[in-house]
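> Just to be clear, the model below is a prediction. Sequence and coordinates:
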Amino acid sequence: MARYQLDARRLLCPMPVIRAQNRVAELQPGDVLEVTCTDPGALNDIPAWCRINGHRVLATRRDGNEVIIDIEVGDGT
Amino acid sequence: MSQAKRKAVALVSGGLDSMLAVRVIQEQGIHVEGINFYTGFCVEGHTHAIRKKDQGKDKRNNALWVAEQLGIKLHIIDIVEEYKDVLLNPKHGYGANMNPCLDCKIFMVHKALEWADKNGFDFIITGEVVGQRPMSQRKDTMPVVARESGAQDRLLRPLCAKNLPATLPEREGWVDREKLYDFSGRSRKPQMALAAQFGFSDYATPAGGCCFLTDEAYSRKLVDLWQARGKREYEMDDIMLLKVGRHIRPAPHYKLIVGREEGENNFLEGYRKIYIHLRPISHTGPLVLLDGEASEEDIVLAARITARYSKGHTAEQVTVQVTDLNGVSRELVVAPLSPDELKPEWHL
């Protein structure tokens, strides 16, 4: 269970989702990916992408203009 | 012994037609997953993210939302780089604006075919309807999409399949042709009736489609960009900036991008280091980027235009800060350009 980070700042949706999707594809079930974004739309889109693709959002938080989303990688089912 | 469950990949735009096409095929026991392509010209997302007045709106990504309603996985694929060749060299030409719809559809179905082969999917479905679009969804061009994409008879259009020759999934009995549809033309009534039948009451109905290239004003700005640079090429930042602000070209060698409101000004802030930029400091006003090479005379005119769009537009003088590409700022005191002096033909 490793923890990874992804910098998706200054990208507008859907690019943060695409970057998260491509990074998640390289990780193992149980790994956690922390995605940092500046487009608040990611707060809707990344959790939606996780729900339909079998991953779990562990936490979302705001830090100034940044939103940070922790994704736990699922097993793809 | 039962056969393995057949699998279809669907082009999911986020609109109603692809949503219906997926559900029609799901109803026949087929496993469906969606693909959504991101070209950089998609109306989804960006403009809502940029403009302050839109920030209170529901910013859902419709393709993701549709996938969730249907209970399917969605794969969003970045095709920004590959798409340049589609836009710059469309074999079948452009539609009413800079929209290469037929080449675009061929390209997307081809990419979906590659994805299907790589991931073990049997066929491709789209929400296309014969006669619905003037370029890519005509009786004579729909076979072109199937042929030139390489998908051939593995491309099934469930909403109008009965108007077209039977495809592989139909001939093999993976899907029952009798349970497919024969929609045609531009009327939306059959789709709305089918949506009601499936219990879909909330779906996106984007006016003017989901692609900026079908937009006349956007296309005009894109052509202007190519003319000004003397070459047909673009980067992601270029196509993003065409979506934002007023574009004013007082002379062939430079143009101004004027933020229209706070959200756009904030977005343009991100480009300050790569463009000469101007902002009024004696009055509230926009951030203005200068794209091109400008003489001192041009800079003064740019400052006067900047003042024109500030709260000081009726004042005798407005102080405008001008920052060059080295980050060095200076102040110019200028008279705002009068409405008569701002020539209509400068507006792109």
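Right, received. Where do you want to start? Numbering: from 1, shown residues only, chains lettered A, B, ... in the order given.

> Break down chain A into its strands, ranges please.
In chain A, the segments counted as strands under DSSP state E are A:3-8, A:32-37, A:56-63, A:66-72.

> Would you format the ones you listed as JSON lines with distance to residue B:161 included?
C-beta coordinates here come from the backbone N, C-alpha and C atoms, glycine included. What follows is the strands of chain A, written out as JSON lines (distance: least, C-beta to C-beta, whole Å):
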{"stretch": "strand A:3-8", "distance to residue B:161": "40"}
{"stretch": "strand A:32-37", "distance to residue B:161": "40"}
{"stretch": "strand A:56-63", "distance to residue B:161": "38"}
{"stretch": "strand A:66-72", "distance to residue B:161": "38"}
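
> Of all those, which one is nearest chain B?
Each of the strands of chain A has some distance to chain B by C-beta to the nearest C-beta; the shortest is strand A:32-37, at 10.5 Å.

> how about the residues of the stretch 51-200 of chain B near chain A?
Neighbours of chain A within the stretch 51-200 of chain B, by C-beta under 8 Å from any C-beta of the partner chain: B:55, B:59-61, B:64-65, B:67-68, B:71-78.

> and chain A, which residues reach chain B?
A:10, A:12-15, A:17-18, A:21, A:39-41, A:44-45, A:48-49, A:51-54.

> now with 6 Å?
A:12-14, A:17-18, A:39, A:41, A:44-45, A:48-49, A:52-53 (C-beta under 6 Å from any C-beta of the partner chain).

> What is the burial count for the spatially closest residue to residue B:338 that is not a sequence neighbour?
Nearest non-adjacent residue to residue B:338, counting by C-beta to C-beta, 6 or more residues apart in numbering or on different chains: residue B:308, 7.9 Å away. Counted with other C-beta atoms under 10 Å in any protein chain shown, residues neighbouring residue B:308 total 23.

> how much space between residue B:308 and chain A?
Distance from residue B:308 to chain A, counting by C-beta to the nearest C-beta, to the nearest Å: 29 Å.

> same check, this time on residue B:170
Distance, residue B:170 to chain A, by C-beta to the nearest C-beta: 28 Å.

> Spatially nearest residue to that residue, not counting backbone neighbours?
residue B:177 (4.4 Å).

> go on, residue A:31?
Closest residue to residue A:31 apart from its sequence neighbours, by C-beta to C-beta, 6+ apart: residue A:73 at 4.7 Å.

> who touches the residue in the stretch 151-300 of chain B positioned nearest to chain A in this structure?
Proximity of the stretch 151-300 of chain B to chain A (C-beta to the nearest C-beta) peaks at residue B:270, 6.3 Å away. Contact analysis of residue B:270 by C-beta atoms under 6 Å, 6 or more residues apart in numbering or on different chains lists nothing.

> Residue B:329 touches residue B:320, doesn't it?
No: taking C-beta atoms under 6 Å as the definition, residue B:329 is not a contact partner of residue B:320, at 10.5 Å.

> Could you check which of those two is surrounded by more residues?
Higher neighbour count among residue B:329 and residue B:320: residue B:320, with 29 against 13, using other C-beta under 10 Å.

> Residue ranges in the chain under the pLDDT threshold?
Here I'm looking at chain A. The model of chain A has no residue with pLDDT under 70.

> nope, chain B please
B:1-3, B:44-59, B:135, B:205-209.

> List the neighbouring strands of the longest strand along it plus their orientation.
When chain B is parsed with DSSP E, its longest strand is strand B:31-38. Sheet pairing of strand B:31-38 (DSSP bridges) gives strand B:7-11 (parallel), strand B:74-78 (parallel).

> follow-up on the earlier one: out of the residues of the stretch 51-200 of chain B next to chain A, which comes closest to residue B:140?
Comparing those against residue B:140 with C-beta to C-beta places residue B:77 closest, at 28.5 Å.

> these two touch, right, the closest one and residue B:37?
Yes: with contact defined as C-beta under 6 Å, residue B:77 counts as touching residue B:37 (5.4 Å).

> Those two: which is more packed in?
residue B:37 (22 against 16).

> buried set for the longest helix belonging to chain A?
Criterion DSSP state H: the longest helix present in chain A is helix A:42-53. For helix A:42-53, burial by neighbour count (16 or more other C-beta atoms under 10 Å in any protein chain shown) applies to A:42-50, A:52-53.

> Contact partners for the residue located most distally from the centre of chain A?
Taking C-alpha atoms, centre = their mean as the measure, the residue most remote from the mean C-alpha position of chain A is residue A:64, 18.1 Å away. By C-beta under 6 Å, 6+ apart, the contact set of residue A:64 is empty.
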